[in-house]
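> Okay, predicted coordinates and the sequence, questions at the end:
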Amino acid sequence: MDDKSWSARAEEYSMYGFTDLPSVQRRGTIVLTHGEGPYVFDTEGRRWLDANSGLWNMVAGFDHKGLIEAAKAQYDRFPGYHAFFGRMSDQTVMLSEKLVEVSPFERGKVFYTNSGSEANDTMVKMLWFLHRAEGKPERRKILTRWNAYHGVTAVSASMTGKPYNEVFGLPLDGFIHLTCPHFWREGNPGESEAEFVQRLAAELEATIAREGADTIAGFFAEPVQGAGGVIPPAQGYFQAIQPILKRHGIPLISDEVICGFGRTGNTWGCQTYGFVPDAIISSKNLTAGLFPMGAVILGPELSDRLDAAIAPIEEFPHGFTASGHPVGCAIALKAINVVMNEGLAENVVKGAPRMEAGLRRILQKHENIGELRGVGYMWALEAVRNPETKEPFPGTLSVSERIANTCTDMGLICRPLGQSIVLCPPFILTDEQMDEMFDKLDGALAQVFDGLRAEGVI
Ligand code: PMP
């Protein structure tokens, strides 16, 4: 095996998720070995500034000593346990207390999973269980939005509003997708943002009327749709929809897998957008990416109702082997402290205007960038063929992939999502590193758009 390249070995034995395979065949696989701050290094010694924080999650960078020490210390103390049969680790107990303390809820309860997908699945099962126990077994449908990303398990993929799930025969029945609250793309000509929001509220009302409120189990929403292309909600969106959901007894679940723990400039995205959900889904930043872990954080009402529903059957028949893993919990406790009390969340608050200003300069330089959107440390630049009409580039040109690949060649990792380029750097980025990100992105955009002009596409 040794005479083969790392890339060839990867391709021979590893299956790739969410990867453009022709591009891998052309460009090879980048096999990473280690990181320093916001940089990652590969087997050939090449270095990239990872403006994606891995997958949004490595918010403290790739070598945070405090987090690594917390993990090592817990491995020394008690390296693994479960949370079944009336047993759980002390770290699990402490993390639940901490999560409720930092949540927007006065009180509540926490259930642990290994991922964001499983946390969403778990929440759906909780709602199905709850409604059945309360004598409403027909309350099973789940409302989400187009372009939402809630995960890849059969249920969370059904919640995800992306056409690619058709290849699996998904969504399952009973998963209903509403309009994505992206005013720039989805607003009608001549429609104001307020009118757009009213139209989406009316759509929700009409959907509930059509389906019957007593068939709907819950509504799930990311505060900012992350993997949909960083789409902050139209102004007033949550204020318009939440009263409708409340009136029909439909819980609102905030999927904070990306937005949670500082990414939008507050602890939770729901705080940034001024609403208090009935429950929160957390993962990724929860452990600053150092351990696979997710959590459902229930607010007081859902937590009380679930307790009451579980009481007669004396057991909630759900849980994962590694739910509440002591090492994951110890890392999460440390990560929450690092992000909230050691200046990382503050970096986002302070750095966001600088980030926006730098990206706005880039937007102004390149007329084929149609929109800059984002908040905190999550931003997207959307490429358009025609800036006036917002006509996208033909998908076959893979423009955002070309931009991302050119960035990669220049030593910057950023992510193509639809026609957008997404930037969601770690919270430890220095001003110099932020400038490096701007310079490389600017250079890549110039190169790709010059190429498209030469090809006569624009
Ligand atoms: N919800 C959101 C909002 C996400 O962004 C993601 C992952 N990108 C998930 C759920 C799924 O998390 P995981 O990949 O850990 O299953």
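Right, received. Where do you want to start? Owing to the predicted nature of the structure, the values given are computational and were not obtained by experimental measurement. Numbers count the residues shown, from 1 in each chain.

> which ones are touching the residue nearest in space to the middle of the chain?
Relative to the mean C-alpha position of the chain, the nearest C-alpha, by CA atoms, centre = their mean, is the one of Ile258, at 3.3 Å. Shown in contact with Ile258 (CB atoms under 8 Å, 6 or more residues apart in numbering): Trp56, Glu222, Val224, Gly226, Ala227, Gly269, Lys284, Asn285, Met378, Cys424. No exception for glycine: its C-beta is placed from N, CA and C like everyone else's.

> From those, which land in strands?
Counting by DSSP state E, the part of those found in strands is Met378.

> Please identify the residue of the stretch 101-250 of the chain positioned nearest to the ligand.
Of all residues in the stretch 101-250 of the chain, Gly116 sits closest to the ligand, at 2.4 Å by CB to the nearest ligand atom.

> My guess is that residue contacts Gly151. True?
Yes - under the criterion of CB atoms under 8 Å, Gly116 is in contact with Gly151, at a separation of 5.5 Å.

> shaky segments in the chain?
Where the chain drops to pLDDT under 70, the residues are 1-2.

> Near the ligand, which residues of it are found?
115-117, 120, 149-151, 222, 226-227, 255, 257-258, 283 (CB under 6 Å from any ligand atom).

> Residue ranges of each domain in the chain, please.
Structurally, the chain divides into domains by automatic domain parsing as follows: 31-63+343-454, 67-341.

> Ser5 is nearest to which of these?
Closest of these to Ser5 is domain 31-63+343-454, at 8.5 Å (criterion: CB to CB).

> Leaving out chain neighbours, which residue sits closest to Met58?
Sequence neighbours aside, Gly289 is the residue nearest to Met58 in space, at 3.9 Å (criterion: CB to CB, 6 or more residues apart in numbering).

> List the buried residues in the longest helix anywhere in the chain.
Ranked by number of residues, the top helix in the chain under DSSP state H is helix 431-454. Residues of helix 431-454 classed as buried: 433-434, 436-438, 440-442, 444-445, 447-449, 452 (neighbour count, 16 or more other CB atoms under 10 Å).

> Going by distance to the ligand, which of these wins?
The ligand lies nearest to Met437 out of those, by CB to the nearest ligand atom, at 20.9 Å.

> List the contacts of that closest one.
Leu49, Ala51, Gly358, Leu412, Cys414, Leu423, Pro425, Leu429.

> run the last query once more with 10 Å
38, 49-51, 355, 358-359, 407, 412-414, 423, 425, 429 (CB atoms under 10 Å, 6 or more residues apart in numbering).

> that older thread, list residues touching both of Gly116 and Gly151?
Asp255, Val257, Ile281, Ser283, Gly294.

> Redo those residues as TSV? Include secondary structure and neighbour count.
Putting the shared contacts of Gly116 and Gly151 into TSV (DSSP: H, G, I helix; E, B strand; the rest coil; neighbours: other CB atoms under 10 Å) gives the following:
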residue	secondary structure	neighbour count
Asp255	strand	31
Val257	coil	30
Ile281	strand	28
Ser283	coil	27
Gly294	strand	28
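
> Between the residues you listed, which sits nearest Arg9?
Comparing the shared contacts of Gly116 and Gly151 against Arg9 with CB to CB places Ser283 closest, at 29.9 Å.

> Look up phi and psi at Glu391.
Dihedral pair for Glu391: phi -60, psi 130, per degrees, to the nearest 10.

> Wait, it touches Val457, no?
No - if you go by CB atoms under 10 Å, Glu391 and Val457 don't touch, sitting 11.6 Å apart.

> So between those two, which is more surrounded?
A direct count of neighbours by other CB atoms under 10 Å for Glu391 and Val457 places Val457 higher, at 14 against 11.

> contacting residues for that one?
Neighbouring residues of Val457 by CB under 10 Å, 6+ apart: Asn368, Arg385, Phe393, Pro394, Leu397, Val399, Phe449, Gly451.

> and what of Ala380?
By CB under 10 Å, 6+ apart, the neighbours of Ala380 are 224, 226, 228-232, 359, 369, 371-374, 400, 414-415, 417-424.

> How are the helices of the stretch 1-150 of the chain distributed by residue range?
Under the criterion DSSP state H, counting those that start in this stretch, the stretch 1-150 of the chain contains helices at 6-13, 21-27, 53-56, 65-77, 90-102, 116-133.

> no wait, the stretch 351-458 of the chain
399-410, 431-454.

> now do the stretch 151-300 of the chain
154-159, 183-186, 193-211, 237-247, 269-272, 300-310.

> one step back: now the helices of the stretch 351-458 of the chain in CSV, with distance to His248?
Listed next are these as CSV, based on distance: least, CB to CB, whole Å:
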stretch, distance to His248
helix 399-410, 38
helix 431-454, 44
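
> Which of the ones you listed sits closest to Gly299?
Gly299 sits nearest to helix 431-454 of all the helices of the stretch 351-458 of the chain, at 36.0 Å, using CB to CB.

> now the closest one against helix 399-410, angle please.
Counting by axes from the mean of the first three to the mean of the last three CA atoms, to 10 degrees, helix 431-454 lies at 130 degrees to helix 399-410.

> Burial check on Arg210, number of neighbours?
9.
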